[in-house]
Structures are given as structure tokens and as C-alpha cells.
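Student: fold the following and give me the result.
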Amino acid sequence: MLFLGIDLAASDERPSGYCVLSSRDLSCETGIVEKDEELLGLALSVRPRVVAIDAPLSFAVSGGPFRRCDLEARRRGFMVLPLNLPSMVRLTTRGIELKRVLEERGFEVIEVFPTGGFRALGIVPPRRGLGEALEGLRKMGLRIEGAKSVHELDAVMAAYTAFKYFVGEAEVLGDPTEGVIVFPRS
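Tutor: All right, here's what the predicted structure looks like:
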């Protein structure tokens, strides 16, 4: 069974990382793409069980800067950014559209926050230490070859979170009517 993790950039002019994780042996195929069409093509070619996107996939019902899931995450020490920042508006808008297109094609799509996932599992996030993050992922049994970028390692955590979600080893914060964020449990 395959799981797809996407570290989505706010613009399709910037690199987005992806990871295809196999539940059979926890092997990870990673790479970088830019366009939504490339991400959709990847999903259609590998047919993952769950697609996990590192981007907000909804706006706050109140129109404010935070959804309930964001506030819950912040209370736990995961510093999610306010949705009303211009870059977050672009990222969220792109994420919502990508989710819509993927769901129309039959994929289950979840929202994840890899930085929080790394912290929840006691691993240094890649932005703080790329080598330490890679080593931490490998210690958990993930098979990742070669040096990887921050975007690719965030995508690995996204795919791993999708896998953990599928097997019932994840925590879901928030309210489905407004939006939820999924975090892996160890």
C-alpha cells in the first residue's frame, strides 16, 4: 500500500517536495515538483491510499486568523502560522484547490503539519538540522536514500503521518466542520 506526502509551496513557481511511502517496507521515494499538474499526475500514477498535504486545507469559519485545530496545535506548542498572513492565504487557497481536485478523483486527503509531527515524535525538524532529521526518520525504520532537502524530508513526515493515520496511530486535532490537522503518534 502506498501513501503520498506533499510539502506544498504557496506558489507553483516554488519547489514542493513529495514522498511516496510504501507500507510494505517503509521505503520512501522523494523528489521535487512545482506545478499542481505534476502533483496530480504523481497521485494518479501511484494511486496512494491517503494523500497528506502540508498546508491548511480550509479557512477559519469565523474569518479569523486561526481555526480550532490551529488553536489546539498552538496550545500543544506547535506554532502554526495565522491564516490571514498573505503567504498563508496563498498557501491555503492552493491547498484547498489541490484537495478538491484530488478528492474529485477519489483520493482521501488529510492536512498535516510536519514540523509538529517531527516534534511529536521527538525528532529534530529538518529546518533545525537536516542531518539530524534524516537520521531520526531512519531510526524509525524509514528507508530514505541519499541526502534530501528540507522539502523532501517534510514530505516524508507527511507521508509517514498518512500511514500512521491509516493504521489508527495518529491524533486528529480540530473539528471536521471547520478543518482538522493530523499528527502521528509514536
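
Student: point out where this protein drops to low pLDDT.
Tutor: Across the chain, the stretches falling below the confidence threshold (pLDDT under 70) are 147.

Student: mind listing the helices for it?
Tutor: Per DSSP state H, the chain has helices spanning 36-46, 68-75, 86-104, 114-120, 130-139, 150-166. These are given in chain order.

Student: now render these as TSV, adding distance to residue 175.
Tutor: C-beta: built from backbone N, CA, C; applies to glycine. Rendered in TSV, the data for these read as follows (distance: least, CB to CB, whole Å):
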stretch	distance to residue 175
helix 36-46	26
helix 68-75	5
helix 86-104	17
helix 114-120	18
helix 130-139	30
helix 150-166	17
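
Student: so which of those helices is the most packed in?
Tutor: Across the helices of the chain, averaging neighbours per residue (mean count of other CB atoms under 10 Å) puts helix 150-166 on top, at a mean of 27.

Student: one step back: looking at the helices of the chain, which is nearest to residue 174?
Tutor: The minimum distance between residue 174 and these falls on helix 68-75, with 2.6 Å, by CB to CB.

Student: show me what the closest one is packed against.
Tutor: Using 3 or more CB pairs under 8 Å, 6 or more residues apart in numbering; DSSP states H and E as the contact criterion, the secondary-structure elements in contact with helix 68-75 are strand 170-175, strand 179-184.

Student: okay, the angle between that helix and strand 170-175?
Tutor: Relative orientation of helix 68-75 versus strand 170-175 (axes from the mean of the first three to the mean of the last three CA atoms, to 10 degrees): 120 degrees.

Student: look up how far residue 85 lies from the residue in the chain sticking out farthest from the centre.
Tutor: Here the chain reaches farthest from its C-alpha mean at residue 62, the gap being 24.2 Å by CA atoms, centre = their mean. Applying CB to CB, to the nearest Å, the value for residue 62 to residue 85 is 16 Å.

Student: and residue 172, by the same measure?
Tutor: Using CB to CB, we find residue 172 at a distance of 24 Å from residue 85.

Student: hang on, the earlier thing: of the helices and strands packed on helix 68-75, which approaches residue 32 most closely?
Tutor: With CB to CB, the closest approach to residue 32 among the helices and strands packed on helix 68-75 belongs to strand 179-184: 23.0 Å.

Student: can you list contacts of that closest one?
Tutor: Where contact means CB atoms under 8 Å, 6 or more residues apart in numbering, the residues beyond strand 179-184 that reach it are 52, 56-58, 67-70, 73, 78, 80, 110-113, 116-117, 120-121, 157, 160-162, 164-165, 169-174.
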